[in-house]
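# 3D model of this:
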Amino acid sequence: MSLRRASIKEMRGEVALFRRRALAGFGLILLGLIAVCTRYVYLQVYHHDEFAARSEQNRIKPRAIPPARGLIYDRNGVLLADNVPAFRLEVTPEQVGDMDKMLADLGAVVPLSDDDITLFKKQVKQSRRFEGVPLKLKLTEDEIGRFAVNRWRFPGVDVVPYLTRRYMMGPEFAHVIGYVSRIDADDLDRMDDDEEASYKGTTHIGRIGIERYYEKLLHGAPGYELVEVNADGRTQAVLDTTPPTPGKNLYLSIDVRLQKAALEGLAGRPGAAIAIDPRNGQVLAFASEPTYDPNLFVNGISTADYKALNTDPDKPLVNRALRGVYPPGSTVKPLLALGGLTLGLRRPTDTVFSNGQFCIPGQSRCYRDDDRGGNGTVNMMQAIEHSTNTYFYKLALDMGIDRLSGWMSKFSFGSKTGIDLVGEAEGVLPSREWKAKRSKAGWFPGETIISGIGQGYWAVTPIQLAHAIATFAGHGIPYAPHLLMDTQDGVDSPRVAQSFPPEGPSIVKRDSDWQAVNQGMIDVINSGKGTGKKLGIGFPFVMAGKSGTAERFSRKTDAYDTNKNSAYLAARHRAWFIAYTPADDPKIAVAVLLEAGAWGAQDSGPIVRKILDQWVVDQGGARPEELPAGPIATSDAPIESAPASAGSAPAPADSSELPPDDNGEDQ
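Residues are numbered from 1 along each chain as shown. Here you go, the predicted model:
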């Protein structure tokens, strides 16, 4: 009986306990439902717009479409710079957990160089985490295949197609076109917000040459597309597209055939060759040797290749045509002669007696002539023909350094010519002001004398001298030398000619002055007695020109150098030759420099002739091999320079040192 009562009590207690637990559980569930409903109302009612926008942003992402870079052609439509399809590895940092581990694992699948990783990490620091950053450019088919098999292991890493630059002519146009290379952190630092936005999706930017100078024309503007992505960030669909605006195509004034002729003439010897149309300033050839392959830089040059170029003793990366500075030697004599006529200091028929040396009146100091014993009595035309130093010593002294530098500055000596390339050197035009900034000593007559023959402090670039001779050949009308000729919005659009008007009125005041100097330069080549005799044999037009053999080192004595060994002389001299044709109505002017040449006419003259022969072919004339070449004679004239002593040392190539002052009185 007692056992049955106990059992009944326990059952009642358990039922009561269950009810209490059930009520508690129901209460918790109810609270949970209330919390869920409250959160639902919070999210879907009060913050619906905000979270809907966030959801849409996670689902739909904007993606920049880089513009196709403009193509570059020569004047005749020969393609010089093209865009070719390629593939790159691109990483989205926000989708990568451990970046270092990912790079290590990925390097076992696709080889990554130290340069790739270093540049990638720099760009990651400058980019937003949701933007793709290039890791490795120009993947091979094998690399693309190996990555595709292992794609699942690397979230946030994709193979992306892009257009990469290719330079069709390689080294032949490296110093003209330049190259593009990957955008780095320094580039991004220099850009303002608008400019940075215009490079979204773009991996390359112009570095030097035409690629840099006309970067804004070549680059274009990016487009955008809205893409739908899944949770892994993979594109599911393209919802909307705004196409990019391609960069403009550029047509340069350069003629590929003349460029090749210039390079063949230089034959790898350090120097430069430039041809200009004096009627409009168009640059027809612009060669610098030695050169390099710009394609090496496009997708990141290797450390080994860059070191090889940087340590090459011939310095192939230096654009000698634009940045090399050298004493011009006797090439400035015709321009000085024109100055004497324009300033009223000389008439063409005025003569000077050359007996082998010129002495400053009232001083014992004398300066040597070209030929031992001199050239006798010479007028202006004969002085240019024979390169008679005495004539130009006296003309420079009569002119004085102030008028001399003022006159020669009209030809852009001592300043930039304005050519459409970045990094042009200014050179040095001798003047009181230039020396006063570098020396406390005054200006001496001996320094004026040697300035008259292109020695002393003089330092010019090949483009300056080419511009000067083109300005003279164009009857004194100054045009800034330029490489751009036409632009084009697309391959099916017409070419639009670019305007480059003269920079001022003619420097020549009287046509008779021009004709007198022109005749002297004609005689240099055609009289049979000039310093460039026989260079014009077999040429269908009359050529006019002037040689220049500038000393690289000071003389130790006033004695004539009797060593005629070509290698010895080449080690001591810069060899120049300038020319234009047809002499009565010039259509092309050429300047050639060899850093090491025995004589201007002997070494640089044939290069000028080779360029002009090709120009004749371009004009529809006979082929060069069909022209009777004849032997190319060399000048028997001695070195065109003053004796070395106080005030007469030629300026070094970098123009950073001053020669000693002349001991004469301050002038």
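
# Now for the closest residue to residue 326 other than its chain neighbours: which residues touch it?
Leaving out its chain neighbours, the residue that sits closest to residue 326 by CB to CB, 6 or more residues apart in numbering is residue 574, at 4.9 Å. Glycine gets a C-beta too; all of them are placed from N, C-alpha and C. Neighbouring residues of residue 574 by CB atoms under 8 Å, 6 or more residues apart in numbering: 326-327, 329, 548-552, 593-597.

# And for residue 161?
Residues near residue 161 by CB under 8 Å, 6+ apart: 85, 86, 87.

# The last one - how many residues pack around it?
Yep, that's residue 87 we're talking about. As a burial measure, residue 87 scores 20 neighbours (other CB atoms under 10 Å).

# In contact with residue 293, which residues?
Counting by CB under 8 Å, 6+ apart, residue 293 touches 167, 170, 171, 174.

# Tell me which two of those residues sit farthest apart.
Among the contacts of residue 293, the pair separated by the greatest distance (CB to CB) is 167 and 171, at 8.8 Å.

# So those two - more neighbours on which side?
Of the pair residue 167 and residue 171, residue 167 is the one with more neighbours under other CB under 10 Å, namely 25 against 16.

# What distance do you get for that one to residue 286?
As judged by CB to CB, to the nearest Å, residue 167 and residue 286 stand 15 Å apart.

# With residue 298 instead?
From residue 298 to residue 286 the distance is 21 Å (CB to CB).

# which of these two has more neighbours?
Shown here are residue 298 and residue 286; by other CB under 10 Å, residue 286 has more neighbours (30 against 21).

# Mutual contacts of residue 167 and residue 171, please.
Counting by CB under 8 Å, 6+ apart, the common neighbours of residue 167 and residue 171 are 293, 294.

# any idea which of the contacts of residue 161 is closest to residue 428?
The shortest approach to residue 428 among these belongs to residue 86, at 45.4 Å (CB to CB).

# If you count contacts, what does the helix or strand that closest one falls within end up packed against?
Element membership for residue 86, per DSSP states H and E: strand 79-91. Here strand 79-91 touches strand 72-73, strand 133-136, strand 157-167, going by 3 or more CB pairs under 8 Å, 6 or more residues apart in numbering; DSSP states H and E.

# Now it: buried residues?
80, 81, 83, 86, 87, 88, 89, 90, 91 (16 or more other CB atoms under 10 Å).

# On the strand side of things, show who the last one bridges to.
So that's residue 91. Per DSSP bridges, the residues bridged to residue 91 are residue 133, residue 157.

# In contact with it, which residues?
Applying CB under 8 Å, 6+ apart, we find residue 91 in contact with 102, 120, 124, 132, 133, 135, 156, 157.

# Helix, strand, or coil at the second one?
At residue 120 the chain is in helix, as set by DSSP: H, G, I helix; E, B strand; the rest coil.

# okay, the closest residue to it other than its chain neighbours: pLDDT?
Setting aside the residues directly before and after it, residue 120 is nearest to residue 135 in space (CB to CB, 6+ apart), at 4.9 Å. Model confidence at residue 135, given as pLDDT, is 84.

# again, but for residue 661
Reported pLDDT for residue 661: 36.

# now the one 3 residues further on
Taken from the predicted model, the pLDDT recorded for residue 664 is 34.

# Repeat that for residue 31.
Residue 31 is assigned 87 on the pLDDT scale.

# In terms of helices and strands, where is it?
Using DSSP H and E, residue 31 falls in helix 2-41.

# Would you indicate which residues of that helix are buried?
Residues of helix 2-41 classed as buried: none (neighbour count, 16+ other CB under 10 Å).

# and what of stretch 428-446?
Within stretch 428-446, the residues that count as buried by 16+ other CB under 10 Å are 428, 429, 430, 431, 432, 434, 435, 443, 444, 445, 446.

# Widest-spaced pair of those?
The distance between the two most remote of the buried residues of stretch 428-446 (CB to CB) is 19.2 Å, for 428 and 445.

# Check the spatially most central residue of the chain and give its pLDDT.
Computing the C-alpha centroid of the chain and ranking residues by CA atoms, centre = their mean puts residue 209 first, at 2.8 Å. The predicted structure scores residue 209 at 97 on the pLDDT scale.

# Check the offset of stretch 28-41 from the chain's centre.
71 Å (CA atoms, centre = their mean, to the nearest Å).

# Output it as PDB, nothing but the C-alphas.
The C-alpha coordinates for stretch 28-41 follow below in PDB (Å, rounded to 0.1, in the frame of the first residue of the first chain):
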ATOM      1  CA  LEU A  28      13.100  30.900 -24.800                       C
ATOM      2  CA  ILE A  29      11.800  30.100 -28.300                       C
ATOM      3  CA  LEU A  30       9.400  33.000 -28.000                       C
ATOM      4  CA  LEU A  31      12.200  35.300 -27.000                       C
ATOM      5  CA  GLY A  32      14.300  34.000 -29.900                       C
ATOM      6  CA  LEU A  33      11.500  34.600 -32.400                       C
ATOM      7  CA  ILE A  34      11.000  38.100 -31.000                       C
ATOM      8  CA  ALA A  35      14.800  38.700 -31.400                       C
ATOM      9  CA  VAL A  36      14.700  37.400 -35.000                       C
ATOM     10  CA  CYS A  37      11.600  39.400 -35.800                       C
ATOM     11  CA  THR A  38      13.200  42.500 -34.300                       C
ATOM     12  CA  ARG A  39      16.400  42.000 -36.300                       C
ATOM     13  CA  TYR A  40      14.400  41.300 -39.400                       C
ATOM     14  CA  VAL A  41      12.500  44.500 -38.900                       C
END
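
# Downstream of the helix or strand bottoming out on mean pLDDT in the chain, the next helix or strand is which one?
Least confident element among the helices and strands of the chain, by mean pLDDT, DSSP states H and E: helix 566-572 (a mean of 51). Note on helix 566-572: by DSSP H and E, the next helix or strand toward the C-terminus is strand 573-581.

# sorry, back to before: let me know the closest of the contacts of residue 91 to residue 48.
Residue 48 has its nearest neighbour among those in residue 156, at 30.8 Å by CB to CB.

# Let me see the contact set for the closest one.
By CB under 8 Å, 6+ apart, the contact set of residue 156 is 91, 92, 93, 94, 95, 96, 102, 233.

# what about the second one, how many residues close to it?
Using other CB under 10 Å, the number of residues around residue 92 comes to 18.

# how about the strands in the stretch 451-600 of the chain?
484-488, 496-497, 544-551, 573-581, 588-594 (DSSP state E, counting those that start in this stretch).

# Pull the contacting residues for the closest residue to residue 411 other than its chain neighbours.
Closest residue to residue 411 apart from its sequence neighbours, by CB to CB, 6+ apart: residue 468 at 3.9 Å. When contacts are counted by CB under 8 Å, 6+ apart, residue 468 touches 332, 335, 411, 412, 413.

# which one of the residues you listed is nearest residue 249?
Residue 249 has its nearest neighbour among those in residue 412, at 30.0 Å by CB to CB.

# Residue ranges in the stretch 201-350 of the chain under the pLDDT threshold?
Along the stretch 201-350 of the chain, segments meeting pLDDT under 70 span 229-236.

# Between its first and last residues, how far does stretch 457-468 reach?
The first residue of stretch 457-468 is 18 Å away from its last residue (CA to CA, to the nearest Å).

# For the contacts of residue 156, work out which two are farthest apart.
102 and 233 (14.7 Å).

# Show me which of these two is the more surrounded one.
Looking at residue 102 and residue 233 with other CB under 10 Å, you find the greater number of neighbours at residue 102, namely 20 against 15.

# where do the helices sit along the stretch 151-300 of the chain?
Counting by DSSP state H, counting those that start in this stretch, one finds helices in the stretch 151-300 of the chain at the ranges 174-177, 185-190, 193-198, 209-213, 215-219, 256-266, 295-298.
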